[in-house]
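[1] compute the structure for the input listed below.
(chains A and B, ligands or ions: 2)
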Number of protein chains: 2
Amino acid sequence: MTYGPAPLDALSALLGARCATGESVLDQHGRDEGYTSPARPEAVLFPESTAEVSEILRLCHAARCPVIPFGVGSSLEGHVVPAHGGVALDMMRMNKVLAVNDADLDAVAQPGVTRTELNARLRDTGLMFTVDPGADASLGGMAATRASGTNTVRYGTIRDNILALEVVLADGRVIRTGSRARKSATGYDLTRLMIGSEGTLGVITELTVKLWGIPEKISSAVCGFPTVEAAVDTVILAIQSGLPMARIELLDEVQMGGMNLYNPDMQLAEVPTLFLEFHGTEAGVAEQVESFREIAEEMGGSDFAWATKMEERNRLWKARHDAYYAGKALRPGAEGMVTDTCVPISALAEAIRRTKERIAASGLIAPLVGHVGDGNFHLLILVDPADPGDVERGKRLAGEVNEIALSLGGTVSGEHGVGTGKLRYLEAEHGAAYAVMAELKQALDPRGILNPGKLVTV
Amino acid sequence: MTYGPAPLDALSALLGARCATGESVLDQHGRDEGYTSPARPEAVLFPESTAEVSEILRLCHAARCPVIPFGVGSSLEGHVVPAHGGVALDMMRMNKVLAVNDADLDAVAQPGVTRTELNARLRDTGLMFTVDPGADASLGGMAATRASGTNTVRYGTIRDNILALEVVLADGRVIRTGSRARKSATGYDLTRLMIGSEGTLGVITELTVKLWGIPEKISSAVCGFPTVEAAVDTVILAIQSGLPMARIELLDEVQMGGMNLYNPDMQLAEVPTLFLEFHGTEAGVAEQVESFREIAEEMGGSDFAWATKMEERNRLWKARHDAYYAGKALRPGAEGMVTDTCVPISALAEAIRRTKERIAASGLIAPLVGHVGDGNFHLLILVDPADPGDVERGKRLAGEVNEIALSLGGTVSGEHGVGTGKLRYLEAEHGAAYAVMAELKQALDPRGILNPGKLVTV
Ligand SMILES: Cc1cc2nc3c(=O)[nH]c(=O)nc-3n(C[C@H](O)[C@H](O)[C@H](O)COP(=O)(O)OP(=O)(O)OC[C@H]3O[C@@H](n4cnc5c(N)ncnc54)[C@H](O)[C@@H]3O)c2cc1C
Ligand SMILES: Cc1cc2nc3c(=O)[nH]c(=O)nc-3n(C[C@H](O)[C@H](O)[C@H](O)COP(=O)(O)OP(=O)(O)OC[C@H]3O[C@@H](n4cnc5c(N)ncnc54)[C@H](O)[C@@H]3O)c2cc1C
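    Ligands and ions are numbered 1, 2, ... in the order given. As a prediction, this is how the structure comes out:
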């Protein structure tokens, strides 16, 4: 694919100062939170409407200029780094909640709304939007990366929580996929095709998302275990016995050390720990807690620390969402390489056992934390970026963790996505299907201008 | 698109007697349960392995011969009628359950396994496969039509219950989509692209489906209402209040007349009736029943008739699954035209009110039954096929029902799909997105041999 320079005159005429080329704004849009070398875009565009996005794409399509959609830039695999130049399309000025349909348990919003902004807007409705990656990501970014979070085990990933999208295609055409009806059997599932496409098939300009009623009763708890195996076996049993856990998160003993450093008011035992939450009616939650306690005690789980008040619960989950930064506190100045494998739940104990072996062999510090109810866990591999040996060991360890997941029938990314960081595993994971992805890319974006070099190469 | 004749010599050499051309087998594969004129395929092929399916497609691709995948032929929109000739690919000899992974709550099966066969195989595991269209459909057909059923309101459609597929593409390539991990963010969602594609993008040769634990306690009930409005308002309130109903089905007074005719042991009041089911723990079900009863009584719901024993429950749901045949009993000799609209739940009462008005204006008998918890309902419009006026009125009524759904932000098919019967509405429902579907078809099946003339035209 050959690319042309950005049509800056036309873009400036369209957007005025919202076509920005200042150094600091270019730098801000040249990297994400991942371990990928940054690269500056030629310009950063700040559209305020679907019509503007459409016109931008029309111009860039004609000029064969790459366009890289940009949310809050919290992705972890170089997703937003302009690998082939072009312009960054910052979607954060399209940040309106357009409708809250409480009678239908859905909301319509622009892509620049973040998950906490949407939930703030829902205050007083008794409803919640559930998908909660650690970062306060944009709805557009979450859809584009097929994000998930701590309560996916109960409420699903973003894929399960989107009813409809408005999308601008590479050539500027605007389409609507899906509807506010809860199900439909008319035609190809373009909504799901766009979800997880990482900005390579279209720019999402509007989303209709599912909402859920805030349960009558919520109880959160933490529970320590003698070993990681005991904690993982507890998770597996709870899931297999059909307990409708709302959240079940593992933090290993290394990660708990980081939590205590980062959250001075926390000070929990530095043992493998589950962070838990139960949703339901008063009686329902009591039943769930009782069933869970039986399983946990059998596995040697120690005393539960309960958080039933809203402030305590918020503190607990805030700490969990900050786990990335807490992990980094274990080695000041280090960079973090984050893994994100996901395996069938029956393979989780084995995956973690082998992973821990590889960490020990690497000699690196690599706290483990994860949405274990889904079979998904992360390492935060801490490396000194100035030490090539360290970086090399980190990369090798990340590779080994990915191989472990594939050998157990899993995936190299449960939620973070591919970007450029995981490109090299897609052939191994998908086999002949990977070529089919390239054929779809070719069909919808024949000039390859949408976030080129990510997810699929054409 | 121009098509060639079936490469019968090569197909016979490959399949022997499993390349059949007898008249009765051709007739059986020239129609489905819908109101579409039949047409004979040139031959019916009965593959027994993925390798055979791949070789068949290779041959037919080279010969530009249409291939129409065929499950049990229970679809309702002419899905399996060979609109452009070619061969029927009957998948029912690929009928093995390959694995039941009870620890992961999933199963791997070939496409010719039916939903009741899979559940029979699960007996003694404490697990169930939940998607239950009225017909005993094949897993392949259910996936290809994006089917759903009575408990979709709780457990989701087939889309939500498939983890992975094996698919043979138009040119014979075999791909695997997805994995047994519960979530993944690596690449385009080919699984969901195939689900609902009605045999036009690939032939499904293996499915990995989700299973669910059979709940500790199940209670079913029927409850009559003074008016359809009262029954519908009860549904809307129950859904909006977050009651985790396992089943909530509406049968109107006309349909209840048919039920009594068809099921002599039933004899329920011929009033709008909800068929209900609650799943959970003992205490949980008791709570749900109590909450539901409060809502229903406020709306004038009459005494509940309870079925807690397994045999009673099975009898109840057997009757519901036979609703199509019960409806037909209202006008012996008549053909049924089935509508399948789905709207946001807040629009359901209005959709049904307007629909009832149009039925009255048509002068036809058209019982109403539906998965109302999803906003989805069917009319069975009974027409005398020998009376052109009747047929004309039936088609007009069906068209009006579809227009009503579209005007309320809904879809012309909640679950039955498009086939040829609903083709003419897709442009209105999807707008510019419909052209994108054709582009995808073009990319994956450039010779247009897979079930041509259905869902999308290229
Ligand atoms: C501390 C931390 C914790 C995290 N925890 C989680 C977690 O628990 N779960 C999880 O899933 N992820 C997690 N992540 C990763 C990240 O937050 C998610 O991938 C998130 O969904 C990215 O959203 P964003 O708004 O930052 O998108 P960006 O990073 O800006 O963009 C991500 C991708 O989406 C594309 N994109 C953005 N907006 C649009 C649009 N409108 N249309 C089309 N494409 C678009 C971009 O081109 C890019 O390819 C975490 C990250 C950090 C730093
Ligand atoms: C009485 C009655 C009640 C019904 N109730 C419901 C209901 O409640 N919910 C619902 O969703 N539907 C319902 N239906 C419609 C029908 O049962 C479903 O659409 C069902 O999923 C079709 O499955 P099948 O095996 O009969 O497929 P078929 O009718 O044989 O084929 C359907 C479509 O799938 C394609 N196909 C079949 N197998 C494959 C394969 N292996 N690979 C690729 N494509 C394939 C065919 O080409 C065709 O386009 C009902 C039908 C009847 C007659």
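[2] so which bits of the stretch 351-458 of chain A are right by ligand 1?
    A:Glu415, A:His416, A:Asn451, A:Lys454 (CB under 6 Å from any ligand atom). Bear in mind the C-beta positions are built from the backbone N, C-alpha and C, glycine included.
[3] mind running it again at 5 Å?
    Residues of the stretch 351-458 of chain A lying near ligand 1 by CB under 5 Å from any ligand atom: A:Glu415, A:Asn451.
[4] tell me the residue of the stretch 351-458 of chain A that sits nearest ligand 2?
    Of all residues in the stretch 351-458 of chain A, A:Val436 sits closest to ligand 2, at 15.6 Å by CB to the nearest ligand atom.
[5] doesn't that residue fall inside a strand?
    No: with DSSP: H, G, I helix; E, B strand; the rest coil as the criterion, A:Val436 is helix rather than part of a strand.
[6] you'd agree it is up against B:Leu444?
    Yes: shown here, A:Val436 and B:Leu444 form a contact pair, counting by CB atoms under 8 Å, at 7.2 Å.
[7] what do those two both touch?
    Both A:Val436 and B:Leu444 are contacted by B:Leu169, under the criterion CB atoms under 8 Å, 6 or more residues apart in numbering or on different chains.
[8] ok, back up a step: count the neighbours of the residue of the stretch 351-458 of chain A closest to ligand 2 for me.
    Counted by other CB atoms under 10 Å in any protein chain shown, the residues lying close to A:Val436 total 24.
[9] quick one: residues contacting it.
    Neighbours of A:Val436 in contact, by CB under 8 Å, 6+ apart: B:Leu169, B:Arg173, B:Ile175, B:Leu190, B:Leu444.
[10] which residues of the stretch 351-458 of chain A score low on pLDDT?
    Applying pLDDT under 70 to the stretch 351-458 of chain A flags no residue at all.
[11] for A:Arg247, which non-adjacent residue is spatially closest?
    A:Glu277 (3.8 Å; CB to CB, 6 or more residues apart in numbering or on different chains).
[12] may I have the phi/psi pair for that neighbour?
    Main-chain dihedrals, A:Glu277, degrees, to the nearest 10: phi -150, psi 140.
[13] residues touching it, list them.
    A:Thr150, A:Asn151, A:Ile218, A:Ser219, A:Ser220, A:Ala221, A:Met245, A:Ala246, A:Arg247, A:Ile248, A:Arg313, A:Trp317.
[14] and those residues, which of them are in helices?
    A:Arg313, A:Trp317 (DSSP state H).
[15] what count of nearby residues applies to A:Thr227?
    Neighbour count of A:Thr227, defined by other CB under 10 Å: 14.
[16] surely it touches A:Pro272?
    Yes: assessed by CB under 8 Å, A:Thr227 is found in contact with A:Pro272 at 6.4 Å.
[17] picking up where we left off before, which ones among the contacts of A:Glu277 are found in strands?
    A:Ile218, A:Ser219, A:Ser220, A:Ala221, A:Arg247, A:Ile248 (DSSP state E).
[18] let's have those residues in CSV, adding pLDDT, neighbour count and distance to B:Ile381.
    Shown next, in CSV, are the ones in strands among the contacts of A:Glu277 (pLDDT from 0 to 100; neighbours: other CB atoms under 10 Å in any protein chain shown; distance: CB to CB, whole Å):
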residue, pLDDT, neighbour count, distance to B:Ile381
A:Ile218, 95, 17, 47
A:Ser219, 94, 21, 51
A:Ser220, 94, 24, 53
A:Ala221, 93, 22, 55
A:Arg247, 97, 26, 48
A:Ile248, 97, 26, 49
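[19] in helices, which of the contacts of A:Val436 appear?
    Per DSSP H, the contacts of A:Val436 map to helices at B:Leu190, B:Leu444.
[20] top of the contacts of A:Val436 by number of neighbours, please.
    The contacts of A:Val436, ranked by neighbours (other CB under 10 Å): first place B:Leu190, 26 neighbours.
[21] helices of the stretch 201-350 of chain A, start to end?
    Per DSSP state H, counting those that start in this stretch, the stretch 201-350 of chain A has helices spanning A:228-240, A:253-262, A:282-298, A:310-321, A:323-328, A:348-362. These are given in chain order.
[22] indicate which one of these is closest to ligand 2.
    helix A:228-240 (28.4 Å).
[23] how many neighbouring residues does A:Arg18 have?
    Residues near A:Arg18, counting by other CB under 10 Å: 16.
[24] and the pLDDT for the residue lying closest to it once chain neighbours are set aside?
    Spatial nearest neighbour of A:Arg18, chain neighbours left out: A:Phe46 (4.1 Å); criterion: CB to CB, 6+ apart. If you check A:Phe46, the pLDDT there is 98.
[25] enumerate the residues of the stretch 1-150 of chain A near chain B.
    By CB under 8 Å from any CB of the partner chain, the residues of the stretch 1-150 of chain A that approach chain B are A:Asn101, A:Asp102, A:Ala103, A:Asp104, A:Leu105, A:Asp106, A:Thr145, A:Arg146, A:Ala147, A:Ser148.
[26] now do the same contact list for the fifth one.
    What that stands for is A:Leu105. A:Leu127, A:Lys210, A:Leu211, A:Trp212, A:Gly213, B:Ile239, B:Gln240.
[27] list the contacts for the third one?
    Put plainly, it is A:Leu211. Contacts here follow CB under 8 Å, 6+ apart; on that basis A:Leu211 touches A:Val100, A:Asp102, A:Leu105, A:Asp106, A:Ala107, A:Leu122, A:Thr125, A:Leu127, A:Met128, A:Phe129.
[28] from those residues, which would you call buried?
    Among the contacts of A:Leu211, those classed as buried by 16 or more other CB atoms under 10 Å in any protein chain shown are A:Val100, A:Asp102, A:Leu105, A:Asp106, A:Ala107, A:Leu122, A:Leu127, A:Met128, A:Phe129.
[29] export the residues you listed to TSV and tack on distance to A:Met266 and secondary structure?
    Below are the buried ones among the contacts of A:Leu211 laid out as TSV (distance: CB to CB, whole Å; DSSP: H, G, I helix; E, B strand; the rest coil):
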residue	distance to A:Met266	secondary structure
A:Val100	35	strand
A:Asp102	36	helix
A:Leu105	35	coil
A:Asp106	36	strand
A:Ala107	33	strand
A:Leu122	28	helix
A:Leu127	30	strand
A:Met128	25	strand
A:Phe129	27	coil
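[30] just send those back as CSV, with pLDDT too.
    Below are the buried ones among the contacts of A:Leu211 laid out as CSV (pLDDT from 0 to 100):
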residue, pLDDT
A:Val100, 98
A:Asp102, 93
A:Leu105, 96
A:Asp106, 98
A:Ala107, 98
A:Leu122, 97
A:Leu127, 96
A:Met128, 97
A:Phe129, 98
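[31] out of those residues, which are close to ligand 1?
    Counting by CB under 5 Å from any ligand atom, nothing from the buried ones among the contacts of A:Leu211 sits close to ligand 1.
[32] name the nearest of those relative to ligand 1.
    Using CB to the nearest ligand atom, A:Phe129 comes nearest to ligand 1 of those, at 13.3 Å.
[33] residues touching the closest one, list them.
    Neighbours of A:Phe129 in contact, by CB under 8 Å, 6+ apart: A:Ala107, A:Arg115, A:Leu118, A:Asn119, A:Leu122, A:Asn161, A:Val209, A:Lys210, A:Leu211, A:Trp212.
[34] with A:Leu274 instead?
    By CB under 8 Å, 6+ apart, the neighbours of A:Leu274 are A:Val222, A:Cys223, A:Phe225, A:Ala231, A:Thr234, A:Val235, A:Ile248, A:Glu249, A:Leu250, A:Leu251, A:Ala296, A:Gly301.
[35] quick check: closest non-adjacent residue to it.
    Spatial nearest neighbour of A:Leu274, excluding adjacent residues (CB to CB, 6+ apart): A:Cys223 at 5.1 Å.
[36] just A:Gly134 next, same as before
    A:Gly134's closest residue in space is A:His321 (CB to CB, 6+ apart), at 4.7 Å.
[37] can you report how many residues lie near that neighbour?
    Using other CB under 10 Å, A:His321 is surrounded by 17 other residues.
[38] ditto for A:Leu379
    Neighbour tally, A:Leu379, other CB under 10 Å: 30.
[39] so it, which state does it fall into?
    Following three-state DSSP, we place A:Leu379 in the strand state.
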